[in-house]
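1. predicted model and sequence below, questions to follow.
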Amino acid sequence: MKITKISTWRVPPRWMFLKIETDEGIVGWGEPVLEGKARTVEAAVHELSEYLIGQDPARINDLWQVMYRAGFYRGGGILMSAIAGIDQALWDIKGKALGVPVYQLLGGLVRDKVKTYSWVGGDRPADIIRDIKERVAVGFDTFKMNGCEELAVIDSSRAIDSAVHKVAEIREAFGNTIEFGLDFHGRVTAPMAKVLIKELEPYRPLFIEEPVLAEQAEYYPRLAAQTHIPIAAGERMFSRFEFKNVLAAGGLAILQPDLSHAGGITECMKIAAMAESYDVALAPHCPLGPIALASCLHVDFVSWNAFIQEQSMGIHYNKGGEVLDYVLNKEDFALESGHIKPFTKPGLGVELDEALIIERSKNAPDWRNPLWRHADGSVAEW
Ligand SMILES: O=C(O)C(=O)C[C@@H](O)[C@H](O)CO
Ligand SMILES: [Mg+2]
């Protein structure tokens, strides 16, 4: 079998789908994207395609190594997202060629269903209680929300109290009938993270995500030493070579690699295994579309230390497109009390409406995250 063509479509709300065609008629789909940089990743995909056209798609490991090593420069969000989407499509082809779901090729099921969580609250968490009640009504019991709005390098006790008050309201309303992760979203500096985490301790969030930016990963063990709350990170780390450093330094209880940013299934399987060797849980990051989610789920189905999966149904970013809009086999993504069961179809298990993808790509927005500024006019982390 030979790769004959690689096509990409940027589609609402902010995703990109990739299709690899072969001379035997089997096609594979992937979702290479770095939110807000879709065009840049698209250019990277087509540069990498020069290594792929005419090659045997079965040789996933060799093609991955060529894409990673052959161009001298490697790593980072753009290149690793491009590799990720191509890798997803190669696994899709292999599963289809062999007639089995990808998780069978990865050693088979380690669990019968995967638990997912639902985002609530939006960029500036409001109406959290209402949002949670709505999701509880459809079976979710685990949620994630932004832990705070923008914080100054050193901010006020009022800002801390505002963030903590929201969490106190959640516990007041729901007790421990629900769980929730707090995403600091890189908005919090190391000094403020210490204070905020201390004040949040009594409310026992399930985890605190990106308590500081990945650039300050040296604080993860220091923050972990001051709290009992599990610390999570990973969406802004892009290869096992980055994850090895944070695992060796300690502090992270949960790794959150993104299957569309961290080199795809091939790389994230290695990251999952590294995490397990440090007794660190896996919770793949996925605020994206259906192919990204399916890729996450295949890794979750075979990784013992995977404990929960992010999925973006109803997420505040999905303006103009929802996870299942482009999916024909919507029933395979059915959520039963927040859980998803193993796909049965070969490959990644996602049947896409190609005509709709092409149609919606014609007016694809160039999604950008907002540029936030502090009251003094300085740039704020979004
Ligand atoms: O889902 C998460 O945990 C996020 O932090 C969302 C963030 O990754 C945005 O997708 C960036 O545009
Ligand atoms: Mg996050």
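-> All right, it came through fine. Numbers count the residues shown, from 1 in each chain. Ligands and ions are numbered 1, 2, ... in the order given.

2. which residue does the stretch 1-150 of the chain bring closest to ligand 1?
-> Glu35 (3.4 Å; Cβ to the nearest ligand atom). Yep, even glycine has a C-beta here, placed from its N, CA and C like the rest.

3. what residues of the helix ranked longest in the chain count as buried?
-> Secondary structure of the chain per DSSP state H: the longest helix is helix 77-98. Residues 77-97 are the ones in helix 77-98 that count as buried (16 or more other Cβ atoms under 10 Å).

4. re earlier: I'd assumed the residue of the stretch 1-150 of the chain closest to ligand 1 was in a helix, is it?
-> No - applying DSSP: H, G, I helix; E, B strand; the rest coil, one finds Glu35 to be coil, outside a helix.

5. wait, doesn't it sit right on Cys286?
-> No - between Glu35 and Cys286 there is no contact under Cβ atoms under 8 Å: 11.5 Å.

6. look up how far ligand 1 lies from Ala375.
-> Taking Cβ to the nearest ligand atom, to the nearest Å as the measure, Ala375 falls 24 Å from ligand 1.

7. and what of Lys330?
-> Lys330 is 22 Å from ligand 1, where distance means Cβ to the nearest ligand atom.

8. what's that residue sitting at in phi/psi?
-> Dihedral pair for Lys330: phi -60, psi -30, per degrees, to the nearest 10.

9. count the neighbours of it for me.
-> 12 (other Cβ atoms under 10 Å).

10. and the strands in the stretch 151-300 of the chain?
-> Assigned by DSSP state E, counting those that start in this stretch, the stretch 151-300 of the chain shows strands spanning 179-183, 207-209, 231-233, 254-255, 281-282.

11. Three-state assignment for Trp16, please.
-> Small correction: residue 16 is Met, not Trp. With three-state DSSP as the basis, the three-state label of Met16 is strand.

12. for it, give me its contacts.
-> Residues in contact with Met16 (Cβ atoms under 8 Å, 6 or more residues apart in numbering) are Thr8, Trp9, Arg10, Glu31, Pro32, Val33, Ala38, Val41, Glu42, Gly85.

13. give me the pLDDT value at the closest residue to Glu149 other than its chain neighbours.
-> Nearest non-adjacent residue to Glu149, counting by Cβ to Cβ, 6 or more residues apart in numbering: Arg124, 5.2 Å away. On pLDDT, Arg124 comes in at 77.

14. I'd assumed Gly77 was in contact with Thr40.
-> No - with contact defined as Cβ under 8 Å, Thr40 does not reach Gly77; the gap is 9.1 Å.

15. quick check: neighbours shared by the two?
-> Contact criterion Cβ under 8 Å, 6+ apart; residues shared by Thr40 and Gly77: Leu34.

16. can you pull out the helices in the stretch 151-300 of the chain?
-> 157-174, 190-200, 219-226, 240-249, 264-277, 290-302 (DSSP state H, counting those that start in this stretch).

17. what about Ala152, how many residues nearby?
-> Using other Cβ under 10 Å, Ala152 has 14 neighbouring residues.

18. show me what contacts Pro287?
-> Glu35, Trp119, Glu310, Ser312, Ile315, Tyr317.

19. again with Gly36
-> Arg14, Trp367, Arg368, Asn369.

20. what's the closest non-adjacent residue to the closest residue to ligand 1 within the stretch 151-300 of the chain?
-> The stretch 151-300 of the chain approaches ligand 1 most closely through Pro287 (3.5 Å), counting by Cβ to the nearest ligand atom. Distance criterion Cβ to Cβ, 6+ apart; nearest residue to Pro287, sequence neighbours excluded, is Ser312 at 4.8 Å.
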